[in-house]
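K.L.:
only geometry, no sequence info:
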């Protein structure tokens with residue numbers, strides 16, 4: 001492979017996945033002879049990825065990497081997700097929050113009521129291996145594989161044991177070690193059959209977004225990324241600091257790129273970037289709506305929100321620094337605050353204080 005062609009593909013792969021240059025280069029070498037692109041998943045693998053993305057929850061404003069994911073390694077039959085080591089969710093370690101949201105457990109008998117959901121977590125998710133190298137998730141009765149990793153000091157086996165002890169002390173019954181679906185899990189899917197079918201049919205959409213989650217950090221200039229869904233309708237909100245013009249054309253071009261992107265087409269674009277009537281005191285929002293050009297189930301709306309002068313974002317900048325956000329990224333998404341910091345504070349070599357020393 002010519003060096004120029006290879007280097008362009010490495011750069012593209014890094015942008016979509018968040019991988020380092022060395023990891024991206026190795027991944028392309030492993031796939032020698034095949035067209036360089038983001039590998040797509042199918043069947044139970046795709047459904048597992050969709051459920052993981054949905055239940056990780058994109059409702060927290062400030063992570064070192066947007067949505068708390070530093071990188072992904074996408075393969076046809078598996079996905080490796082590296083979570084932020086220093087990020088928290090409402091003060092709760094992100095890795096612990098992940099176990100709480102994903103791993104299923106049956107409610108205590110005293111809390112079970114006729115017609116109510118009898119299981120917390122994601123029904124059907126299973127753990128097949130845990131250790132310092134990561135936590136491997138699957139779906140009951142399948143070979144689907146999503147591997148969660150963090151830094152080398154994260155012992156997933158200990159976290160798993162702590163979670164199990166916590167649940168059992170409260171008389172919950174963990175389900176993630178069971179070979180088959182438990183009765184409460186089967187009841188959940190039976191009681192919510194239509195929702196389960198719709199989510200599975202549209203699983204290509206969240207799975208594809210997760211496999212390209214590097215775009216939120218490597219390409220986007222938003223300091224905050226949030227997402228949520230209602231069945232097969234997905235929403236992503238990208239918040240941009242004062243003075244940062246949302247690069248929605250570049251972001252959507254990457255997301256819909258015929259080689260590296262997803263099979264999405266723009267249905268509607270509403271842009272307020274240069275609206276002559278806009279009051280700078282208030283926020284402006286550009287909205288892009290997308291769907292499958294082949295009418296596959298699923299809809300995506302991306303909101304590019306430019307904050308107004310009413311919003312003092314310096315506290316947000318401090319929060320991002322506390323999460324361990326990279327100085328180069330802070331310079332891109334919040335340059336007015338980053339440039340005003342003394343040099344030792346910008347590089348993280350000094351104490352974190354406000355400009356006036358408070």
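P.N.:
Good, I have the coordinates. Since the structure is predicted, the reported quantities are computational estimates derived from the model, not experimental observations.
K.L.:
over to residue 165. Which of the three states is it?
P.N.:
Under DSSP: H, G, I helix; E, B strand; the rest coil, the three-state class of residue 165 is helix.
K.L.:
count of residues packed around it?
P.N.:
A count of nearby residues for residue 165, using other CB atoms under 10 Å, gives 11. (C-beta placed from N, C-alpha, C; glycine too.)
K.L.:
residue 322 now?
P.N.:
14.
K.L.:
same thing with residue 180?
P.N.:
12.
K.L.:
ok, now residue 125?
P.N.:
Neighbours of residue 125 (other CB under 10 Å): 22.
K.L.:
same thing with the one 3 residues further on?
P.N.:
Neighbourhood size, residue 128 [other CB under 10 Å]: 14.
K.L.:
so the nearest residue to it once chain neighbours are set aside, which of the three states?
P.N.:
Nearest residue to residue 128, sequence neighbours excluded (CB to CB, 6 or more residues apart in numbering): residue 136, at 4.8 Å. Following three-state DSSP, residue 136 is assigned to strand.
K.L.:
from residue 230, how far out is residue 136?
P.N.:
30 Å (CB to CB, to the nearest Å).
K.L.:
just want to know which of these two has more residues nearby.
P.N.:
residue 136 (18 against 9).
K.L.:
can you name the residues that contact the more buried one?
P.N.:
Residue 136 makes contact with 127, 128, 129, 130, 145, 146, 147, 148, according to CB atoms under 8 Å, 6 or more residues apart in numbering.
K.L.:
residue 259 now?
P.N.:
By CB under 8 Å, 6+ apart, the contact set of residue 259 is 35, 37.
K.L.:
quick check, it in a strand?
P.N.:
No - according to three-state DSSP, residue 259 belongs to no strand; its state is coil.
K.L.:
need the pLDDT of it.
P.N.:
Turning to residue 259, the model gives it a pLDDT of 95.
K.L.:
same check on residue 2?
P.N.:
58.
K.L.:
hang on, residue 319 packs against residue 64?
P.N.:
No - here residue 319 does not reach residue 64: they are 10.5 Å apart, not a contact under CB atoms under 8 Å.
K.L.:
more neighbours, these two?
P.N.:
More crowded of residue 319 and residue 64, by other CB under 10 Å: residue 64, with 20 against 16.
K.L.:
who's in contact with residue 16?
P.N.:
38, 211, 212, 214, 215, 218, 254, 260.
K.L.:
can I get those in JSON lines with distance to residue 6, neighbour count and secondary structure?
P.N.:
Below are the contacts of residue 16 laid out as JSON lines (distance: CB to CB, whole Å; neighbours: other CB atoms under 10 Å; DSSP: H, G, I helix; E, B strand; the rest coil):
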{"residue": "38", "distance to residue 6": "17", "neighbour count": "19", "secondary structure": "coil"}
{"residue": "211", "distance to residue 6": "21", "neighbour count": "24", "secondary structure": "helix"}
{"residue": "212", "distance to residue 6": "20", "neighbour count": "23", "secondary structure": "coil"}
{"residue": "214", "distance to residue 6": "19", "neighbour count": "24", "secondary structure": "coil"}
{"residue": "215", "distance to residue 6": "21", "neighbour count": "21", "secondary structure": "helix"}
{"residue": "218", "distance to residue 6": "19", "neighbour count": "20", "secondary structure": "helix"}
{"residue": "254", "distance to residue 6": "20", "neighbour count": "20", "secondary structure": "helix"}
{"residue": "260", "distance to residue 6": "15", "neighbour count": "18", "secondary structure": "coil"}
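K.L.:
which residue ranges of the chain form helices?
P.N.:
3-17, 21-30, 43-56, 94-102, 156-169, 183-191, 193-201, 204-211, 215-218, 248-255, 314-322, 327-333, 335-340, 343-346 (DSSP state H).
K.L.:
export those to TSV and tack on distance to residue 78?
P.N.:
Below are the helices of the chain laid out as TSV (distance: least, CB to CB, whole Å):
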stretch	distance to residue 78
helix 3-17	14
helix 21-30	12
helix 43-56	7
helix 94-102	16
helix 156-169	16
helix 183-191	23
helix 193-201	19
helix 204-211	11
helix 215-218	21
helix 248-255	23
helix 314-322	31
helix 327-333	28
helix 335-340	37
helix 343-346	38
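K.L.:
okay, these, which one's buried deepest?
P.N.:
Mean neighbour count (mean count of other CB atoms under 10 Å) peaks for helix 204-211 among those, with a mean of 24.
K.L.:
and the direction of that one versus that of helix 3-17, what angle?
P.N.:
110 degrees (axes from the mean of the first three to the mean of the last three CA atoms, to 10 degrees).
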